[in-house]
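>>> Kindly generate the corresponding structure for this input.
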Amino acid sequence: MRKFRRAFGRLPDPRAGNASHELLEVLFIALAAVLCGAGSCGEMEEFGQSKEGLLRLFLKLEHGIPSHDTFSRVFRLLKPQAFEFAFRRFMAAFAKANGLKLTGVIAVDGKALRRAYERGGRATPLHLVNVFAVEARMALAQQKAPGRNETAGALEVLDLLSLEDCTVTADALHCHRGFAAAVLDRGGHYVLTIKANRGLLFKAVTQQFARSGQRSTVQQTDRPAHDRSEARRATVMRNTTLAERFPGVAAVGRVTSRRRLRDQRADPPVVRYYLLSRYISAKRLLDVTRSHGAVENRLHWVLDVHFAEDRNRSRKDHAPENLAILRRLALNILRAHPDRKSINLKIRRAGWDEAFLMQVLSHMR
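Reported below is the predicted structural model:
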């Protein structure tokens, strides 16, 4: 609770000065509810009523448990920029206390909140850009994409981060000069997918592999799993001439993958090309490019399946964005808990077992 108060205690309260419930208490109850699987403000109130005795061990609750209207009002009015800043401040302290290194591969990717749209706007739901630390398996930051422009949102979220000792990965949408320059300015390096829509730049990359030259090459075949196996071959070549066209390019990479289902012919090979801001071995390129998928598998998928993010119907004002931050905070806390059970079982157990919920909440110290 001490770290939580230190990180979130300075958040400006958007409500009138005569509000009955302390902002920090409202946020703490909401977080505890999400840890137990709550998704809506009504469920947060029900959680608070059922766990009031436990919550009083942490909180004063001079005016009892807030109503669902209070939770709704807070999340609709709370400034997401301030809440996001407090989230990052908490994560920095939390990672330090738990020995987590928020460096290494940092994956950047967009995600739509499918139900977060105003009436008549089903085709244009709220779009967020997420930043995920692969090795630590932690969500680092989130930024709303202005006008659902993911490239602009990615640039904004990079400006919030320190990327020392980090390798930033992103899909081909973010393979542009602005993104690369932003990563380098923040002290990081990049591995960016490049596709044919980059025109002459893509042509220059592919032509280099067609010519002779010193290169690092490695081949890897994954063990068969789920009735399929995949062979991947990576090649890396140094290149400094492209730096005139694209900021900081030091090398180019190529990964050829071929998947085979059991008792079937292998699929046609898939070839992907990459721009690298520093030279790395071919084996390291395989590891980095493979780990980028963690932002989908370990963040987006978990949020949708275990926290029902895509089914959440919060739509008004800042509520969808703020509740998304709260879900990422809950996921990080559950991930860091030493119990080796799945996230799904941790959520269920937190709701069933007050002693386990106490462990999870105490783990924030």
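>>> all contacts plus neighbour counts: C-alpha atoms, from now on.
Fine.
>>> List phi and psi for the residue sitting furthest away from the middle of the chain.
Distance from the C-alpha centroid of the chain peaks at S212, with 39.6 Å (CA atoms, centre = their mean). Recorded main-chain torsions at S212 are phi -80, psi 160, according to degrees, to the nearest 10.
>>> pLDDT score for it?
S212 is assigned 83 on the pLDDT scale.
>>> Tell me who's in contact with it.
For S212, the contact set (CA atoms under 8 Å, 6 or more residues apart in numbering) is empty.
>>> Quick check: it vs I280, distance?
Distance, S212 to I280, using CA to CA, to the nearest Å: 19 Å.
>>> now do C41
48 Å.
>>> higher neighbour count, these two?
Neighbour tally, C41 and I280, criterion other CA atoms under 10 Å: the higher count belongs to C41, 21 against 18.
>>> and that one, what does it touch?
Neighbours of C41 in contact, by CA under 8 Å, 6+ apart: H68, D69, F71, S72.
>>> Please convert these to JSON lines, extending it with distance to R259.
What follows is those, written out as JSON lines (distance: CA to CA, whole Å):
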{"residue": "H68", "distance to R259": "50"}
{"residue": "D69", "distance to R259": "52"}
{"residue": "F71", "distance to R259": "48"}
{"residue": "S72", "distance to R259": "48"}
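>>> so where does V252 fall, helix or strand?
Here V252 sits within strand 251-261, counting by DSSP states H and E.
>>> Can you name every helix or strand that that strand contacts?
With contacts taken as 3 or more CA pairs under 8 Å, 6 or more residues apart in numbering; DSSP states H and E, strand 251-261 sits against strand 228-238, strand 270-276, helix 282-291.
>>> which residue packs closest to R311, ignoring adjacent ones?
R115 (6.0 Å; CA to CA, 6 or more residues apart in numbering).
>>> Identify the bridge partners of A266.
When bridges are called by DSSP bridges, A266 pairs up with R260.
>>> give me the number of residues near it?
15.
>>> what's the spacing between it and I280?
A266 is 29 Å from I280, by CA to CA.
>>> continuing past the helix or strand bottoming out on mean pLDDT in the chain, what's the next helix or strand?
Across the helices and strands of the chain, mean pLDDT, DSSP states H and E gives its lowest value to helix 2-8, namely a mean of 82. The helix or strand immediately downstream of helix 2-8 is helix 23-35, counting by DSSP H and E.
>>> Alright, I will stop here.
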